[in-house]
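Visitor: my questions are about this predicted structure, shown below with the sequence.
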Amino acid sequence: MKKAVFIDRDGVINNESNHYYIYKLDEFIINDGIVEALQLLSKNDFLIIVITNQGGISKGMYTKADVDIIHNSFEITMAENGVEITEFYYCPHHSDIEKCLCRKPDSLMIEKAVARFDIDVKKSYLIGDSQRDIEAGKKAGLKCFLIEANENILPLCESIVNPNQ
């Protein structure tokens with residue numbers, strides 16, 4: 001079984017200070033420490049899985065193609081820095097419009113990844129900037145870390161990699 005770190009997107013990977021819905025590539029600004037943090041996780045054999053609610057799709061604010069453009073760009077940037085993003089999971093639904101099982105705080109996106117990639121939840125983590133992220137991770141059996149939006153996660157990833165220090 002493999003170990004993984006599940007990472008929320010908006011507010012953890014990218015800065016969401018000026019926007020709630022990030023769907024334009026020029027608005028997708030990677031937070032300080034992300035490249036180094038993901039390099040560290042990758043070098044220590046963690047799968048890196050991005051999980052994100054993208055309710056703006058359901059609201060008609062942007063499209064799945066817009067989300068895919070951002071994810072593809074981020075994946076290329078990470079690959080150029082020696083990091084493989086294992087997968088991106090996103091929920092296109094919004095609770096104001098429709099019900100679903102994938103939108104965080106539900107854990108279906110995480111459960112799909114756990115099954116698909118043979119992940120040991122006891123050796124895996126979630127990093128999120130909202131309570132709904134943490135609820136989803138706990139439902140799936142992950143160790144969870146709640147951070148402030150746009151916080152540098154490198155120190156947290158160092159503690160994940162070296163838990164006894």
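Guide: Perfect, I can see it now.
Visitor: quick one: contacts for Ala149?
Guide: Contacts for Ala149 were tallied using Cβ atoms under 8 Å, 6 or more residues apart in numbering; they are Gly11, Val12, Glu16, Ser17, Asp129. C-beta here means a position set from N, CA and C on the backbone, and glycine is covered the same way.
Visitor: got it, and Ala136?
Guide: Counting by Cβ under 8 Å, 6+ apart, Ala136 touches Ile51, Lys104, Pro105, Asp106, Ser107, Met109, Ile110, Leu126, Gly128.
Visitor: mind redoing it with 10 Å?
Guide: Shown in contact with Ala136 (Cβ atoms under 10 Å, 6 or more residues apart in numbering): 6, 8, 51, 53, 102-111, 126, 128, 130, 142, 144.
Visitor: are any of those buried, and which?
Guide: The neighbour-count test (16 or more other Cβ atoms under 10 Å) marks 6, 8, 51, 53, 102-104, 106-111, 126, 128, 130, 142, 144 as buried among the contacts of Ala136.
Visitor: which of those fall in helices?
Guide: Leu108, Met109, Ile110, Glu111 (DSSP state H).
Visitor: in the longest helix belonging to the chain, which residues are buried?
Guide: If you go by DSSP H, the chain has its longest helix at helix 64-80. For helix 64-80, the neighbour count (16+ other Cβ under 10 Å) marks Asp66, Val67, Ile69, Ile70, His71, Phe74, Glu75, Met78 as buried.
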